[in-house]
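Visitor: Following is a predicted model, sequence given first.
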Amino acid sequence: MRKYPDNRYSINELYQSFDKLKQKGWIKEIIYNFKFKQDGKTISLPIISLRTHKKGKSIWIISGIHGEEPAGPNAIADGIKAIAKLGEKYSVVLLPLCNPAGYLRNWRYLNMQKYSSTQEGHSIGDSEHFLLKGKTTRRKQPSSKEAFTFTSYVLKLSKEYPPLATFDLHEDNKLTKGYIYSQGKHGAKDKIAKKIVKILEENKIPLQKEGKTRFGEKIKNGIVGPVKDGSIDELFSAKKIIVNNKIMSGPSAKTVIVFETPAKGMSLQRRKKAHLELLKILPNFIHT
Ligand SMILES: [Zn+2]
C-alpha cells in the first residue's frame, strides 16, 4: 500500500469508511469505473455515489474533484457518522471521491498531474457542455467522456434529489490564505456562506477577506460571489441549462458553496479539521 508523506488515508481506507453509510441503509451506486495504467497494470477505481432513501430537496456534499486535495475526502471519512446523522433528518447525496485516480496518483486532473498553460487539464466536474452562452451551449463536446457521464448523472439525480444546498470541499495548495465561493441565489450575501467563513476563522484558517483571487475574482468578507467557471458548482446553481440542444430548467440550488482551505504550509490535520467542523455543524443551519 502506497504511503503518503502527509499521512492521508489510503484509497481503500476511504472506500471502507464511505461504505459505512451503505450499512446504515443508504443507496450506493457506481457512477463510473475509472480505468488507468500504473506500473504496467490496469487499475479500475469506482466513482461512487451514496444517498438517503428519502428523496426531495437535498443537501449535496461533494469532494475530491481535484485529486491532489485530500482534506475533503479525509474529513468525510472521519465525519461519516455526522453525515449519517444528517441523513436521518434530511435527504442527502454524497459524492465523496469524484476523482479517485487523481487521489491515488496525487493528480489534479483526469488526464494530467498539474495545471499547465499549454495543455488543458480535464476535471471530472467540467460542465460547460450543459451550460449556456447566450442561447447555445458553451462547449459542443464535453472535455472528457468521464466528465459527461459524471455531470449527466448529477443532472439525472437532481430530478429526484433537487439540490437545496451543495457543499463542494476543495483546497488550494498555492494559497496561504483561503476564501470560499458562494454561487447560489444570494451569492456573496448568502447567510450560510457567512457562517462558513466563521467556521474557518474559528478553526484559525487564515483568510483573504478582500481583494482578488489568483484567478482575478473579487473577494468580499472572505466570500467570492457567483462566477462563470464552467464547474459542477456553476451547474448546480444554473437556472437554465442546455441538454441535447434544448434549453431547460437547471438544478438552481439556493446555496452553492465551494469550501477552499489554503494548503500551502498548513498540515493536512489542520485543514481536515476545518472541513470536518463544517460537516458536523451542517444540520444547524440548513432549513428545508
Ligand atoms: Zn480544487
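Guide: Arrived safely. Numbers count the residues shown, from 1 in each chain.

Visitor: tell me, how many neighbours does the residue in the stretch 1-150 of the chain that the ion sits nearest to end up with?
Guide: Closest residue of the stretch 1-150 of the chain to the ion, CB to the ion: His66 (3.5 Å). C-beta: built from backbone N, CA, C; applies to glycine. Residue crowding around His66 was assessed by other CB atoms under 10 Å; the count is 24.

Visitor: and Asp168, what does it touch?
Guide: 62-63, 65, 232-233, 256-259 (CB atoms under 8 Å, 6 or more residues apart in numbering).

Visitor: Between which two of those is the distance greatest?
Guide: Ser63 and Val256 (14.6 Å; CB to CB).

Visitor: and these two? which has more neighbours close in?
Guide: Val256 (31 against 28).

Visitor: Let me see the confidence value for that one.
Guide: Val256 carries a pLDDT value of 98.

Visitor: State whether it is indeed within a helix.
Guide: No: counting by DSSP: H, G, I helix; E, B strand; the rest coil, Val256 is not part of a helix but strand.

Visitor: secondary structure element for the most centrally placed residue in the chain?
Guide: With distances taken as CA atoms, centre = their mean, Asp168 lies nearest the centre of the chain, 3.0 Å away. Using DSSP states H and E, Asp168 maps to strand 163-172.

Visitor: Closest one of the contacts of Asp168 to Tyr15?
Guide: For these, the nearest to Tyr15 is Ser63 (13.4 Å; CB to CB).

Visitor: got the contact list for the nearest residue to that closest one once chain neighbours are set aside?
Guide: Closest residue to Ser63 apart from its sequence neighbours, by CB to CB, 6 or more residues apart in numbering: Gly72 at 3.4 Å. For Gly72, the contact set (CB under 8 Å, 6+ apart) comprises 63-64, 169-171, 259, 275.

Visitor: need the residues of the stretch 1-150 of the chain near the ion, please.
Guide: 66, 69 (CB under 5 Å from the ion).

Visitor: Tell me where the stretch 1-150 of the chain has strands.
Guide: 27-38, 41-51, 58-63, 91-95, 132-133, 136-137 (DSSP state E, counting those that start in this stretch).

Visitor: got these as TSV, with distance to His186 and mean pLDDT columns?
Guide: Converted to TSV, the strands of the stretch 1-150 of the chain look like this (distance: least, CB to CB, whole Å; pLDDT from 0 to 100):
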stretch	distance to His186	mean pLDDT
strand 27-38	30	96
strand 41-51	26	97
strand 58-63	17	98
strand 91-95	22	98
strand 132-133	21	98
strand 136-137	27	98
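
Visitor: of all those, which lies closest to Ser237?
Guide: strand 58-63 (11.7 Å).

Visitor: and the angle for that closest one with strand 91-95?
Guide: With axes from the mean of the first three to the mean of the last three CA atoms, to 10 degrees applied, the angle from strand 58-63 to strand 91-95 works out at 20 degrees.

Visitor: Check which helices and strands strand 58-63 sits against.
Guide: helix 71-78, strand 91-95, strand 163-172 (3 or more CB pairs under 8 Å, 6 or more residues apart in numbering; DSSP states H and E).

Visitor: Redo these as JSON lines? Include distance to Ser123.
Guide: Below are these laid out as JSON lines (distance: least, CB to CB, whole Å):
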{"stretch": "helix 71-78", "distance to Ser123": "14"}
{"stretch": "strand 91-95", "distance to Ser123": "13"}
{"stretch": "strand 163-172", "distance to Ser123": "11"}
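
Visitor: which stretch among these comes nearest Arg270?
Guide: helix 71-78 (9.0 Å).

Visitor: pull the CA atoms of that closest one into PDB?
Guide: Output in PDB follows, covering the C-alpha atoms of helix 71-78 (Å, rounded to 0.1, in the frame of the first residue of the first chain):
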ATOM      1  CA  ALA A  71      -8.600  17.300   3.100                       C
ATOM      2  CA  GLY A  72     -12.200  16.900   1.900                       C
ATOM      3  CA  PRO A  73     -12.300  13.200   1.300                       C
ATOM      4  CA  ASN A  74     -10.300  12.500   4.500                       C
ATOM      5  CA  ALA A  75     -12.700  14.700   6.600                       C
ATOM      6  CA  ILE A  76     -15.700  12.900   5.100                       C
ATOM      7  CA  ALA A  77     -14.100   9.600   6.100                       C
ATOM      8  CA  ASP A  78     -13.700  10.900   9.700                       C
END
